[in-house]
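K.L.:
test case, fold it:
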Amino acid sequence: MSLLDIRVPAVLLRIDRNPFHHGTLGAVRSLGRAGVEVHVVADSAGSPVRKSRFVRRLHPPPAPGASPAEIAAVLRRVAARIARPAVLIPMDDASAIAAGRLRADLAPAYLLPQQPGTLPERVADKAELAEVCAAAGIPHPPTLVPDSAEETAAAVRRLGLPVIAKWSRPWLLPAGAGLRSTVVVRSAQEAVELYLRSEEAGSRLLLQEFLPPGPDRDWFFHGYADRTGQVRAGGPGRKQRAWPRGAGLTAVGLWTPNPQVQALAERLTGELGFRGIFDLDFRRCGSTGRYHLLDFNPRPGAQFRLFTDSAGLDVVRALHLDLTHRPLPDGVPLAGRAFVVENYAPLSALRPAPRGRELAWSAPDDRGPGLAMWALWGRHVAGRLLDRLHDGTPVQAPRPHAPVVRQAGEPLVPAAQAGEPLVPAARDEESLVPTARDEELTGVAGVPAAPGVSSLAGQPDRSDDEKASSC
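P.N.:
Residues are numbered from 1 along each chain as shown. Predicted structure coming up:
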């Protein structure tokens, strides 16, 4: 018998166009395996998610940039088809912000955590997060929000180069504008040029002190704050591998006890009165050892299934149980458990995992998405290679700590470094087997693994999880 109330369906909402968002598949499987009827409101054309046997029905999503009223209209149409109350689970920042604003309007058709409706937007806003951390005493990289070109240049001088430039509300960036949500700035002129595009970007530009990446420095915490504010499910995790290396999404994560990270997460959510699922990103300063909060994502992180305890509880199941007034089981944390996104870290997916491992796409009880992912990924890799050959552009690879550059409405790519070939030069026979280092740099078949595929569905990837790192 399922611990969850299977009479109450779940609706997953994702506004960002990203056919390769494995977090959506994780939520589908988590609830579907428990017997819950799962509906997906997302752009699933050309997505492996649509092949999951646990999806009850796919529904067209709101258009990118849709107003709250338009989002509400879409959700009401879905509710009319389901014809009974459902748990609503936003899977990206734009969805979480809309759900927070619309909570009262969507009741009783949808069940959502009860908290101030503007709180998700407040913590997702990069500039406001700096103020939140300052008020709560949570370490955060020194951040300045200039009000003029002159202040921008002065902020760069004060923070020192390189400096991180972020748009405070990256979900508002217009597609095709050539703007990136986060970029490493290496001159005052670059920063000023960005500032002058603030109106076009739709939000404020902030400048942040650069915290260099390094071994054992990138951490995350996934949790669920229940109706009482207690943090349940989830836990602290460490990035073992990321794409691109030193930043970006978690390709390999490890459930790793860390009392400091856990205490920071619980203190922050408690002081804010936050309720629901959250995903925090931290970077440890190499000189001070302090953990600095980089991002607060008011929704599930893509690798949330890493934190599945001995009772089978994860943050998505915790949300469903709590909102349907069911008790949450007391499981044991499975420290050492691993989560691998196999298209970014294929070798790690093949290595032994004595303490348990979950793959993002492949599962013995739900083979369709894994098979579809590899077929679609192969087409993507081949298409990228052909494009490079046809336009005569040399294929480039990033240096070990290349900064993340995020094109609004385009896949995440590392900043190109001139003169470094992506496909390794000829090596001896033994070295033709990719190493873990190669795996991080090239993904599959020696091609940089872009987090989304624009050619499959006609819409480019805008994954929030890949926007979480500051560098």
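
K.L.:
now do the strands in the stretch 101-250 of the chain.
P.N.:
Read by DSSP state E, counting those that start in this stretch, the stretch 101-250 of the chain holds these strands, from start to end of the chain: 110-111, 143-144, 163-167, 182-185, 205-209, 218-225, 231-243, 249-255.

K.L.:
the third one packs against which elements?
P.N.:
Put plainly, it is strand 163-167. In terms of contacts (3 or more CB pairs under 8 Å, 6 or more residues apart in numbering; DSSP states H and E), strand 163-167 is packed against strand 182-185, helix 188-195, strand 205-209. From N, CA and C alone the C-beta is placed, and that goes for glycine too.

K.L.:
try 6 Å this time
P.N.:
Using 3 or more CB pairs under 6 Å, 6 or more residues apart in numbering; DSSP states H and E as the contact criterion, the secondary-structure elements in contact with strand 163-167 are strand 182-185, strand 205-209.

K.L.:
follow-up on the earlier one: so for Gly383, which of the strands of the stretch 101-250 of the chain sits nearest?
P.N.:
Evaluated over the strands of the stretch 101-250 of the chain, closeness to Gly383 peaks at strand 231-243, with 18.6 Å, by CB to CB.

K.L.:
partner strands of that closest one, with direction?
P.N.:
Using DSSP bridges, strand 231-243 pairs in its sheet with strand 218-225 (antiparallel), strand 249-255 (antiparallel).

K.L.:
just the residues contacting it, thanks.
P.N.:
Counting contacts by CB atoms under 6 Å, 6 or more residues apart in numbering, the residues outside strand 231-243 that touch it are 218-226, 248-256, 258, 261-262, 266, 306-307, 313-315, 318, 328, 333, 344-345, 440, 449.

K.L.:
and for Trp377, the neighbour number?
P.N.:
The local packing of Trp377 (other CB atoms under 10 Å) involves 22 other residues.

K.L.:
cool, Gly35 as well?
P.N.:
Using other CB under 10 Å, Gly35 has 14 neighbouring residues.

K.L.:
any idea how far Asn258 is from it?
P.N.:
Taking CB to CB, to the nearest Å as the measure, Gly35 falls 34 Å from Asn258.

K.L.:
same check on Leu172?
P.N.:
Distance from Leu172 to Asn258, counting by CB to CB: 33 Å.

K.L.:
Thr118: which of the strands of the stretch 101-250 of the chain is closest?
P.N.:
Comparison of those against Thr118 by CB to CB identifies strand 218-225 as nearest, at 16.6 Å.

K.L.:
mean confidence for the closest one?
P.N.:
Strand 218-225 shows an average pLDDT of 98 in the prediction.

K.L.:
ok, back up a step: how about the helices and strands packed on strand 163-167 in a markdown table, adding mean neighbour count and mean pLDDT?
P.N.:
Conversion of those to a markdown table gives the following (neighbours: other CB atoms under 10 Å; pLDDT from 0 to 100):
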| stretch | mean neighbour count | mean pLDDT |
| --- | --- | --- |
| strand 182-185 | 23 | 93 |
| strand 205-209 | 23 | 97 |
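
K.L.:
can you say which of these is nearest to Ile164?
P.N.:
Go through these one by one with CB to CB and the one that ends up closest to Ile164 is strand 205-209, at 4.1 Å.

K.L.:
export the closest one to CSV, keeping only CA atoms.
P.N.:
Taking C-alpha atoms only, strand 205-209 is exported to CSV below (Å, rounded to 0.1, in the frame of the first residue of the first chain):
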residue,chain,number,x,y,z
LEU,A,205,22.6,44.1,-13.3
LEU,A,206,24.5,43.0,-10.2
LEU,A,207,28.2,42.5,-9.8
GLN,A,208,29.5,39.9,-7.4
GLU,A,209,32.9,39.0,-6.1
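
K.L.:
follow-up on the earlier one: between Leu172 and Asn258, who's got more neighbours?
P.N.:
Under the neighbour definition other CB under 10 Å, Leu172 and Asn258 were set side by side, and Asn258 has more, 18 against 14.

K.L.:
quick one: contacts for that one?
P.N.:
Shown here is Asn258, whose contacts under the criterion CB under 6 Å, 6+ apart are Pro236.

K.L.:
and the contacts of the strand or helix carrying Leu268?
P.N.:
Counting by DSSP states H and E, the secondary-structure element that holds Leu268 is helix 259-272. Counting by CB under 6 Å, 6+ apart, helix 259-272 makes contact with Ala136, Ile138, Trp219, Phe221, Gly223, Ala225, Gly229, Val231, Pro236, Leu280, Phe282, Tyr291, all of which sit outside it.

K.L.:
tilt between that helix and strand 218-225?
P.N.:
Inter-element angle recorded for helix 259-272 and strand 218-225: 40 degrees (by axes from the mean of the first three to the mean of the last three CA atoms, to 10 degrees).

K.L.:
what's the model's confidence in the helix or strand just after helix 259-272, averaged?
P.N.:
Moving toward the C-terminus from helix 259-272, the first helix or strand encountered (DSSP H and E) is strand 276-284. Averaged across strand 276-284, the pLDDT comes to 98.

K.L.:
the helix or strand following strand 276-284 packs against which elements?
P.N.:
Tracing the chain past strand 276-284, the next element assigned as helix or strand by DSSP H and E is strand 291-297. Of the remaining helices and strands, those touching strand 291-297 by 3+ CB pairs under 6 Å, 6+ apart are strand 276-284.

K.L.:
contacts for the strand it packs on, please.
P.N.:
Defining contact as CB under 6 Å, 6+ apart, one finds that strand 276-284 is touched by 113, 211, 217-224, 261, 265, 291-301, 315, 319, 468.
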